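Novice: Have a look at this prediction, sequence included:
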Amino acid sequence: MGTSREDYPVIAVAGPTASGKSELALFLAGAFGGEIVNYDSVQMFRHLDIGSAKPSLADRHRVPHHLIDVLDPREVFSAGDYQRCARRVLEEIRSRGRVPILVGGTGLYLRAVLEGLFEGPPRSQHWRVRLSALARDRGPEHLHTLLLRLDPPTAHRIAPKDTPKIIRALEVRLETGRPLSQHLDERPRNPLEGFGAVIVGLSPPREALAQRIADRVSIMFDSGLVDEVRGLLEMGVPPQSAGLRVIGYRQVVEHILRGISRDEAVSSTVRDTRKYAKRQMTWFRRQHRVTWFDGFGNHEENRQRIRHFVHHFLGGFPDGS
């Protein structure tokens, strides 16, 4: 579809990790005069470079990138925080007459900026402190099991080790007496206004994606991921901080501090990354606005198909020729 005079165009790239989203975003930015807006939660952290597969400095100099390296690894950053930051960046890009290109793998962040989020109950410090202590004492998997009993639909959408999201879901359930999934169904959202978005999704073959994930993890470890994590720990970043609880970093922490072997850390990272990619695809497949393209984002034939599709969406917008 084209864009109306009232709707400023936004391009979003979706898909599982290692599917070539960043490469496709760079290609589209060059084709349509774009600036890239990251919606990958890990790439927002400073010093988490190798394990987050951040764009190279050369790529960031070639095309403006936003919302990369903006957080300390110890910071907690919510989807609501992301929504406010990303919408401000979209307005800035629009003021320059450029095309915003959203790219990343955190589906909740993409939904937050485009569709909005429900305004949930206020945070409960009482439950937050108790649940945080329980997570430290018995692990996030114990909290996830509790959430499965109290709010199964929400539990199935959250990874068993995603402590902040599990705590928030339990907090809502315990504070209000109603599950988060019920609140989500009833609360109004605040969709993005003044912009018209097209979302292109990458759907590579499952076996090829699994191999690419294994190759990427191997390269990360060979490129110094262990030294990167050791440096973070020496900087005083706690092992349980937000940045070091994500896939890859969590396994390296266990290698450094708990003595699991490097091979175990690699295989665990590959396994958990493949599971994460599956959850990403499940999430994005539920979003009805995504137009899917088979293959990877760095395959030339696929890129050209997507370029033609986006060109049609942009219509007569400047730089959309």
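Specialist: Cool, got the structure.

Novice: And the strands in the stretch 151-300 of the chain, which stretches?
Specialist: Per DSSP state E, counting those that start in this stretch, the stretch 151-300 of the chain carries strands over the ranges 195-203, 290-294.

Novice: Identify the residue nearest Val281 in space, chain neighbours excluded?
Specialist: Heads up, residue 281 is Met, not Val. Distances taken as C-beta to C-beta, 6 or more residues apart in numbering place Pro16 nearest to Met281, at 5.2 Å, with adjacent residues excluded. C-beta coordinates here come from the backbone N, C-alpha and C atoms, glycine included.

Novice: For the one you found, which residues are in contact?
Specialist: Contacts for Pro16 (C-beta atoms under 8 Å, 6 or more residues apart in numbering) come out as 105, 202, 204, 209, 276-278, 280-281, 284.

Novice: What lies in contact with stretch 250-270?
Specialist: 51, 161, 213-214, 217-218, 220-221, 225-226, 229-230, 233, 239, 244, 247-248, 272.

Novice: What pLDDT does the model give the most centrally placed residue in the chain?
Specialist: What sits nearest the mean C-alpha location of the chain, by C-alpha atoms, centre = their mean, is Thr106, with 2.0 Å. If you check Thr106, the pLDDT there is 94.

Novice: Kindly report the same for Ala53.
Specialist: For Ala53, the model assigns a pLDDT of 95.

Novice: If I follow the layout properly, it ends up in contact with Ile219?
Specialist: No. Contact criterion C-beta atoms under 8 Å: Ala53 and Ile219 do not qualify, at 9.4 Å.

Novice: Take the strands of the stretch 151-300 of the chain and write them to CSV, including mean pLDDT and mean neighbour count.
Specialist: What follows is these, written out as CSV (pLDDT from 0 to 100; neighbours: other C-beta atoms under 10 Å):
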stretch, mean pLDDT, mean neighbour count
strand 195-203, 97, 21
strand 290-294, 97, 15
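
Novice: got a markdown table for the ones you listed, with distance to Glu264 too?
Specialist: Putting the strands of the stretch 151-300 of the chain into a markdown table (distance: least, C-beta to C-beta, whole Å) gives the following:
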| stretch | distance to Glu264 |
| --- | --- |
| strand 195-203 | 30 |
| strand 290-294 | 34 |
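
Novice: Figure out which of the ones you listed is closest to Leu170.
Specialist: Nearest to Leu170 among these is strand 290-294; the distance by C-beta to C-beta comes to 30.2 Å.

Novice: just the CA coordinates of that closest one, formatted as CSV?
Specialist: Only the C-alpha atoms of strand 290-294 are listed here, as CSV (Å, rounded to 0.1, in the frame of the first residue of the first chain):
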residue,chain,number,x,y,z
VAL,A,290,3.7,-8.6,8.9
THR,A,291,4.3,-9.4,5.2
TRP,A,292,6.6,-12.4,5.1
PHE,A,293,9.5,-13.2,2.7
ASP,A,294,11.2,-16.6,2.7
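
Novice: and the helix or strand following it, what other elements does it pack with?
Specialist: Counting by DSSP states H and E, the next helix or strand C-terminal to strand 290-294 is helix 300-314. Other elements packing on helix 300-314 under the criterion 3 or more C-beta pairs under 8 Å, 6 or more residues apart in numbering; DSSP states H and E are strand 8-14, helix 21-32, strand 195-203, strand 290-294.

Novice: which neighbours does the next helix or strand after the second one have in its sheet, and in what orientation?
Specialist: Pointing back at helix 21-32 there. Under the assignment DSSP H and E, the closest C-terminal helix or strand after helix 21-32 is strand 34-38. Sheet pairing of strand 34-38 (DSSP bridges) gives strand 65-66 (parallel), strand 99-103 (parallel).

Novice: Can you give me the buried ones in the following helix or strand past strand 34-38?
Specialist: Heading C-terminal from strand 34-38, the first helix or strand you meet, by DSSP H and E, is helix 57-62. Using 16 or more other C-beta atoms under 10 Å as the test for burial, helix 57-62 gives 59-60.

Novice: Ok, stretch 212-227 next?
Specialist: Applying 16+ other C-beta under 10 Å to stretch 212-227 flags 212-214, 216-217, 220-221, 225-226 as buried.
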